[in-house]
Every structure is written in C-alpha cells, then in structure tokens.
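Engineer: Kindly generate the corresponding structure for this input.
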Amino acid sequence: MKKIAAISALLASTATMANAPKAPAVAKKSEVTQYISMGHLLESSKQGKKVLAKRDKAIGNLQELAKKENEAVAKIETEFSGMQQNSKEAVNKAADLEYAKRQASLKMEKEKAKLEVELKGMEQTLFVSVKNATEKTAKQENWAVVKTSDAPDVLYVSEALVEEATNKVVETMNKEYMEELAKSDLKA
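Structural biologist: Numbering: from 1, shown residues only. Model (predicted):
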C-alpha cells in the first residue's frame, strides 16, 4: 500500500507556481509572493473533483480486495492450526494454505499494477489540464510567465491576488472540462 499511497500523493502535490499579475518578466525580490497549490486547483475544479473521487474509489476497492484475501487465508490458517500436524489432512491443508497465500499475493500485485497505471493516467491528465488552464488564463490576464532554472514555466502573481488568480484558473479548467463533456455527448 506504500507504493499506492505514494502515487496517489502525487495527485495532491503542490506545483511551483508563485505570483505578480501584469508583472515585469521577473517578480521583484522585495515583493511578497505565494505559491498556488496544485492540490487546491484539483480539489476546486469539476474535473479534479471527479478524478480524485475515482482515485479514492479505486484505492478503496483495492483495500477491500486485500481485506477479503486476508480473510480467506486466515480461514485456512485457522482450519490448519486445529489439525494434527502429521496427518494426511494437515499436509493437504498446508498445501492449500501455501497456494492460497501465493494466489492472494499474485492477485494483489496484479491489482496494484493496474491501479498504478490508472493513477498515473489520471495524474498526467490533470497535470496537463492544470498546465493548459494556467497558461491560457495567464495569457488572458496578461500575467508574467517566466523561465527559471529549477522549474519550467512559473506563474507569478502578488500574494493579495492568489485567491483571485486560483479562481480564474479553476474557472478556465471548468469551462474547458464542460466543453469536453459536451463534445463527448455529441459523439455518443
């Protein structure tokens, strides 16, 4: 589960987007700036909420599967512990137990790998959506987008306008998401 927790944490990670609308190419060092949280953008947008709900459901399903597999193995272990260890029945039950453990492990690994691929896809989709919406909003609002050595495109807005800037990016994301849904409905 550590692997899955690490992957799902990526979806709620923060992006390096700090802030000064209609600013010069680089924000002044004396200017108070603040990072816009990628997690906040995802949790505030329609697309983000939907994908994060799908992620939580997928992780919940995997946890439920792990619980069922553990219960099945525990049942065989209980039966095995009540037998005479050298009896033929106990030998057969020991083989059943090893097989059940192996099958449970294989099933969990398969489901974990499947979930990792799904989460990676969700993460990439959301990252692209946030990046595009941020760039589009920055262009519309004439915000400065600058290149830095430690990050690709960083958006700078003054601290006082962080909430407004975040809301504008979310607004762009929601608008584009609804347009995509409308296109999908027309194709269906």
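Engineer: quick one, strands of the chain?
Structural biologist: For the chain, the strands defined by DSSP state E occupy 144-147, 153-156.
Engineer: so where's this protein shaky on pLDDT?
Structural biologist: In the predicted model of the chain, residues 1-40, 42, 85, 143-162, 187-188 satisfy pLDDT under 70.
Engineer: could you pull out the helices for this protein?
Structural biologist: Listed from the start of the chain, the chain has helices (DSSP state H) covering 2-11, 38-44, 46-81, 88-141, 162-187.
Engineer: Can I get these in a markdown table including mean neighbour count?
Structural biologist: Every residue, glycine included, has its C-beta placed from N, CA and C. Shown next, in a markdown table, are the helices of the chain (neighbours: other CB atoms under 10 Å):
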| stretch | mean neighbour count |
| --- | --- |
| helix 2-11 | 14 |
| helix 38-44 | 19 |
| helix 46-81 | 14 |
| helix 88-141 | 15 |
| helix 162-187 | 15 |
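Engineer: Can you tell me how far the closest residue to F80 other than its chain neighbours is from K107?
Structural biologist: Leaving aside its chain neighbours, F80 sits nearest to K93 (4.6 Å; criterion: CB to CB, 6 or more residues apart in numbering). K93 sits 21 Å away from K107, going by CB to CB, to the nearest Å.
Engineer: Repeat that for L62.
Structural biologist: Here the distance between L62 and K107 works out to 11 Å (CB to CB).
Engineer: Equivalent analysis for T166, please.
Structural biologist: Distance from T166 to K107, counting by CB to CB: 42 Å.
Engineer: One more: A53?
Structural biologist: 25 Å.
Engineer: Repeat that for V169.
Structural biologist: Taking CB to CB as the measure, V169 and K107 are separated by 41 Å.
Engineer: next one: E176
Structural biologist: Here the criterion is CB to CB. By it, E176 lies 39 Å from K107.
Engineer: I figured E43 hits V51, correct?
Structural biologist: No - taking contacts as CB atoms under 8 Å, E43 lies outside contact range of V51: 10.5 Å.
Engineer: joint contacts of those two?
Structural biologist: With contacts taken as CB atoms under 8 Å, 6 or more residues apart in numbering, E43 and V51 have no neighbour in common.
Engineer: list the contacts for E171?
Structural biologist: Neighbours of E171 in contact, by CB under 8 Å, 6+ apart: T137.
Engineer: before we move on, what about F80?
Structural biologist: 90, 93-94, 97.
Engineer: Farthest pair within these?
Structural biologist: A90 and L97 (10.1 Å; CB to CB).
Engineer: Not counting its neighbours along the chain, what's nearest Q84?
Structural biologist: With sequence-adjacent residues excluded and distances taken as CB to CB, 6+ apart, Q84 is closest to A90, at 6.0 Å.
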